[in-house]
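K.L.:
Task: produce atomic coordinates for the following.
(one chain, ligands or ions: 1)
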Amino acid sequence: MPEPVVVEPNFFEVIGTQRAMRRLKTDPVPEAYIKRIIWAATRAPSGGNRQGWRWLVVTDAAKKKQIQEWYEEAWTRYTASGYGNARTDLPPEEAKSNDAVLKSANYLAAHLHEAPVLIFACALTGPGGDITAGSSIYPAVQNLMLAARALGLGTALTTVHRAHQDDVRKLLGIPETVETAALIPVGWPKGKFGTGLRRPVEDVTYWDAWGAKRQ
Ligand SMILES: Cc1cc2nc3c(=O)[nH]c(=O)nc-3n(C[C@H](O)[C@H](O)[C@H](O)COP(=O)(O)O)c2cc1C
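P.N.:
Numbering: from 1, shown residues only. Presented below is the predicted three-dimensional model:
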């Protein structure tokens, strides 16, 4: 199996340009790439090093289509109930960025099944669930997405499918004690990686007391 090719070796460039890539080509992603990004996921910390995660990789066309239909149904319901409505109180740059996110999220809802790979990040939370076990999945998800970026693969962290979690569980044979914490489409991006809009560090960092900023 040929080794995956790292296309972006600069760590801070990877972090700075890892963003939701929702427009993906249908071209297949070699298994070695999938294994490498899951390897990166499994390097993440977890509560008590329990590693309470499983990565369910879906490439079956019929299953992907079914998942897309559930995803789109839930997404349409969210947007119809006001989610993502244009806000009038935002600075123009942020309003523009939100608008772009909404357009790209709409695209994903209609095209999710076209992604060659869907990965469910599954948390083994156990009966009743547990916040430590449950939250340990997200550092791992971020590792996976950063590794994907370094290999030139686009990803997006999504959660909309959770409105149909029981259906997804039945389709994929996932036990009820397992939470499908995220659904990550993976594929070669149609567009270019870029920097997402974020507030400056100075605006979101306080020193020694709440609200105390340094420039
Ligand atoms: C917990 C969480 C849940 C998310 N759920 C969805 C989702 O269901 N669908 C989607 O398209 N994007 C989802 N996103 C992606 C965000 O919309 C995205 O990270 C944000 O808009 C920043 O976009 P950027 O990375 O392109 O800058 C989610 C992100 C997080 C952290």
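K.L.:
Give me the neighbour count for the nearest residue to Ala115 once chain neighbours are set aside.
P.N.:
The shortest distance from Ala115 to any residue other than its chain neighbours is 3.7 Å, reached at Pro185 (Cβ to Cβ, 6 or more residues apart in numbering). To be clear about C-beta, it is placed using only N, CA and C from the backbone, and glycine gets the same treatment. Residues lying near Pro185 (other Cβ atoms under 10 Å) number 28.
K.L.:
Make sure I have this right: Pro185 is in a strand.
P.N.:
Yes - checked against DSSP: H, G, I helix; E, B strand; the rest coil, Pro185 lies within a strand.
K.L.:
which ones are touching the one residue in the chain that gets nearest to the ligand?
P.N.:
Of all residues in the chain, the one sitting closest to the ligand is Gly196 (2.2 Å; Cβ to the nearest ligand atom). By Cβ atoms under 8 Å, 6 or more residues apart in numbering, the contact set of Gly196 is Arg19, Ala20, Ser97.
K.L.:
let's see it at 10 Å
P.N.:
Taking Cβ atoms under 10 Å, 6 or more residues apart in numbering, we find Gly196 in contact with Gly16, Thr17, Gln18, Arg19, Ala20, Ser97, Ala100, Val101.
K.L.:
related to what we said a few turns ago, next, the contact list for the residue nearest to Ala115, please.
P.N.:
Contacts of Pro185 (Cβ under 10 Å, 6+ apart): 20-22, 24, 58, 64, 67-68, 71, 108, 111-119, 154-158.
K.L.:
One more: Ala212?
P.N.:
Ala212 is in contact with Thr205, Tyr206, counting by Cβ under 10 Å, 6+ apart.
K.L.:
which secondary structure element contains it?
P.N.:
Under DSSP states H and E, no helix or strand contains Ala212.
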